[in-house]
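>>> how would this look folded up:
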Amino acid sequence: MPLETLPETTLFTDPTRRALDGDGARPVRVHLWRADDSDAPLVVLSHGTGGSAQGLSWWVAGLRAAGFDVAALDHHGNNHVDGYLPEGFARWWDRPLDVSFVLDQVEARGPVAVCGFSLGGYTAAALCGARVSAAAYEALLTGRVEAPPTPEYPHLLSALRARRSASELASWPGRAAADLRDTRVTAAFLLCPSLGPLLTEGSLAAVTVPVAVRWTAADEITPPSENGARYAALIPGADGGTVGGPRAGHYGFVLPEQDDPAAKSDVVAASRDFLAATLRA
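Predicted coordinates for the structure are as follows:
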């Protein structure tokens, strides 16, 4: 379902944060669908690294059909619609802050959940209390530990060092490790979530809201054993499991040439049932 049919698309600006490419306020584009039900729960959708709200239109359509209000975000500097900025691939904390900002702007007529794919899955988890290890983040930022390749932004570290001072970069590990929990978020659905190895066990064990996690068996971008399965094992009561067939990978949800209708159908059904049980209980 193309996003051009949305009844409301708004480019908000957050005056508390600067844009990554200038001195203005940080932009946060939101595509909003409203259900007929006047007290419909609100589901906020966060895309993966380098993606966009448009790329998850199949998920939006499934959530809309289930009667939810849906707000799908485009994260500044990390979406292919507006173009990439290196900071958008490293300042992970800006994504959950985007969601919290949107919840300040968009009326939630019922309970709120966050769903996300890949880095969007981390985003949803962070809003439930998952926290990055400052030491692990610093090791990646300084290059002491080699970061996994970022296909959408190769040479990320050199690009960051060319644009940001050493003193500013030195402050980022503390910001990455901050508690970004938002108590308005009452459930989360994580699809092939990333950053699993960088999250502290204690923060995952302290999550108290219902969480569902789904992954694909052949995902080489966010391997389940280190990511989705780790989230599911450490978050108390998390509902975890595999979607799609044995060859289903990471990009079948977002790349047309790897389109995986079976995996998408599984996600729509699983998220619909989980959200109905948790938000409409």
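
>>> just give the nearest non-adjacent residue to the residue positioned nearest the centre of the chain, would you?
Centroid check for the chain by CA atoms, centre = their mean gives residue 120 as the closest residue, at 1.3 Å. Spatial nearest neighbour of residue 120, chain neighbours left out: residue 46 (3.4 Å); criterion: CB to CB, 6 or more residues apart in numbering. Glycine gets a C-beta too; all of them are placed from N, C-alpha and C.

>>> state the distance from the one you found to residue 218.
Using CB to CB, to the nearest Å, we find residue 46 at a distance of 23 Å from residue 218.

>>> higher neighbour count, those two?
residue 46 (31 against 15; other CB atoms under 10 Å).

>>> point out where the chain drops to low pLDDT.
1-7 (pLDDT under 70).

>>> now with 80?
Scanning the chain for pLDDT under 80 picks out 1-7, 147-152, 281.

>>> circling back: looks like the residue nearest to the centre of the chain contacts residue 52 (just checking).
No: the criterion here is CB atoms under 8 Å, and residue 120 misses it with residue 52 at 10.8 Å.

>>> now do the strands in the stretch 151-281 of the chain.
185-191, 211-215, 239-242 (DSSP state E, counting those that start in this stretch).

>>> nearest to residue 276, of those?
strand 185-191 (10.5 Å; CB to CB).

>>> for that closest one, which strands pair with it and how are they oriented?
Sheet partners assigned to strand 185-191 using DSSP bridges are listed as strand 112-117 (parallel), strand 211-215 (parallel).

>>> now that strand, how far from the centre of its chain.
Taking the mean of its C-alpha atoms, strand 185-191 sits 10 Å from the chain's own mean (CA atoms, centre = their mean, to the nearest Å).

>>> same deal with stretch 25-36?
That offset, for stretch 25-36, works out to 15 Å (CA atoms, centre = their mean).

>>> adjust the sequence numbering to begin at 470 for everything that follows.
Done: numbering now begins at 470, and the last item shifts to stretch 494-505.
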